[in-house]
Every structure is written in C-alpha cells, then in structure tokens.
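Enquirer: kindly return the folded structure for what I paste below:
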Amino acid sequence: MAEPLLRVSAVTKHFQGVEALGEVDLDVAEGTVHGVVGPNGAGKTTLLNVVSGYVPPDAGRVELAGRDVTRLTPQRRVPLGIVRTFQNIRLFGGLTVLENVLLGQHGRASTGTRSLWPLRSGADRRLRAEAEQALDVFELAPYRGRRAAELPYGLQKQLEMARALAARPKVLLLDEPAAGMTAEGRRALVPRIRELRDEGLTVVVVEHDMDVISNICDHVTVLNFGRRLTGGPPGPVLASNEVRTAYLGT
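Expert: Predicted coordinates for the structure are as follows:
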C-alpha cells in the first residue's frame, strides 16, 4: 500500500496536567476525505492544532509525504501544503471577500502581501485568477466586493474555506466547516468537498454533523477522552456500539 500523505504517530499533548491527546495515530491517504469525530472534549481540535503547528506535541511525530514537520511553525507548514480553517472564524472583517482570499495566497506572491494590491507581475495576476476561481467554488463571486464582516455567518465559513483553498494546499484541515450553516448550506457543502477530493485534494475534517461526515468521508477516526477509539469506513464505524456509546450516549 502507498504511504499516507499525512501521518500522525503516537502524538501526546497535556494541558496543565490534563491529557488532551494520548498516543494518537492517524494515517490519511492522498486524495481522500478523512473525518475526525468524537464527543466534546475528545481532542479533535487539539489534534488539528498539532497537525497545523499551532500547538507543539509533548511527544509523537507529524509527517507530510514522509517529511518530519513536527517542529515546524504554521508559517513554514503552509508552503509545504498543510492549510487549515478554524472553528472560530478568523477573517479580516474590514477587507473585501476577494481581498481575504488574496491574502491566503501571500506566501505565493512575488513580494508577499505587497504584490497583491496592485497585482504587479503576470504571475501575481494569475494568483488573482485563482482567487476568483476559489470564490466560484464556494459560490462567493457575487460578494467579492463586500466586506467580510458584512456576510452572514455561513458565508463567512465558506470564505474561510475559499481562502484556505487559494493557498493551494496538499492537505486541507477543516474544523467544523458546517457549523452555523443553514440546512441548505450544509447540503451544498457535501458535493463541494467531494469535488475537491476528486480533483486530488486531501481533506481532514472535524465535524459534529454526522450526515455531513457519512456523506463526504472515505475514512473516519473516532476520538474519545483524547485517545483513538476506532477507525474505518464511516458506515460501519458510526453504526458500531462502541461509537454510539461514546459519542451518541446510547
């Protein structure tokens, strides 16, 4: 079997003596959507924080395409291809929708953010075209000139995903992308993520909406009390008695 694009090995993290993650393993195959689920406090967001570099593990290892990235900062992981969204939205509210997406490309622009206004080179103008494409993926083109703070919450979540996509990730980490969306927005999210996977993007998604998880994920890992409980295809995993007991309380 091919080596996983993203590998998390025996990652452990404590906060003030409390174990948030205990020897967690996670293998994510390239071109798949991998779900991470579990009850509140199971360690899901902490795991994304470790993978993206915002929280250093106490022990364990994170690898991208066989390269050890465990001690790299988030700023150094993004150019390598690990990009994330956040459970709590982190947009620049005073900037337009398009400007927010352009900022997601600053690491690829010729002189960082200074290249983006105005777009100085042919390469930077191509970045704008890619930004416009990311807006189209998440149906945000009609709002390109609106300030991000003016958008409804669900559209702000989509804008975060569009900005992350514009960074051209190898692995896109989504922290509760459907949270705050309408039922229609959640339904529309499923085919978008599937299309990104079919185009070769690898996605790791933390999500509480089990309908979203079951419809987009190729593989699911279940955490409980900071440890890996089980994993496998979403159907049998989510239907198992141990997951129902841990996650659904039944």
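Enquirer: just the helices in this structure please.
Expert: Taking DSSP state H to define them, one finds helices in the chain at 44-52, 74-80, 97-103, 122-137, 153-166, 183-198, 210-216, 234-239, 241-243.
Enquirer: pick out the shakiest of these, pLDDT-wise.
Expert: Ranked by mean pLDDT, these bottom out at helix 122-137, with a mean of 82.
Enquirer: report the buried residues of that one.
Expert: For helix 122-137, burial by neighbour count (16 or more other Cβ atoms under 10 Å) applies to Asp124, Leu127, Arg128, Glu130, Ala131, Glu132, Ala134, Leu135, Val137. Glycine gets a C-beta too; all of them are placed from N, C-alpha and C.
Enquirer: likewise stretch 190-200?
Expert: Going by 16+ other Cβ under 10 Å, stretch 190-200 has these buried residues: Val190, Arg192, Ile193, Leu196, Arg197.
Enquirer: ok, of those residues, which one's closest to Pro152?
Expert: Arg192 (17.3 Å; Cβ to Cβ).
Enquirer: what sits against that closest one?
Expert: If a contact means Cβ atoms under 8 Å, 6 or more residues apart in numbering, then Arg192 has Val137, Phe138 as its contacts.
Enquirer: could I get the buried residues of helix 122-137 in JSON lines, plus columns for distance to Glu23?
Expert: Below are the buried residues of helix 122-137 laid out as JSON lines (distance: Cβ to Cβ, whole Å):
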{"residue": "Asp124", "distance to Glu23": "45"}
{"residue": "Leu127", "distance to Glu23": "41"}
{"residue": "Arg128", "distance to Glu23": "45"}
{"residue": "Glu130", "distance to Glu23": "39"}
{"residue": "Ala131", "distance to Glu23": "40"}
{"residue": "Glu132", "distance to Glu23": "44"}
{"residue": "Ala134", "distance to Glu23": "37"}
{"residue": "Leu135", "distance to Glu23": "41"}
{"residue": "Val137", "distance to Glu23": "37"}
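Enquirer: out of the buried residues of stretch 190-200, flag the one nearest to Glu63.
Expert: Arg197 (20.9 Å).
Enquirer: could the helices of the chain be laid out in TSV, adding distance to Val204?
Expert: Formatted as TSV, those follow (distance: least, Cβ to Cβ, whole Å):
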stretch	distance to Val204
helix 44-52	7
helix 74-80	13
helix 97-103	21
helix 122-137	18
helix 153-166	12
helix 183-198	11
helix 210-216	11
helix 234-239	14
helix 241-243	18
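Enquirer: for those, which one sits closest to Asp25?
Expert: helix 44-52 (10.8 Å).
Enquirer: tell me how far that closest one lies from the chain's centre.
Expert: A distance of 10 Å separates the centroid of the chain from that of helix 44-52, by Cα atoms, centre = their mean, to the nearest Å.
Enquirer: stretch 195-210 now?
Expert: Using Cα atoms, centre = their mean, the offset of stretch 195-210 from its chain centre is 8 Å.
Enquirer: lovely, talk soon.
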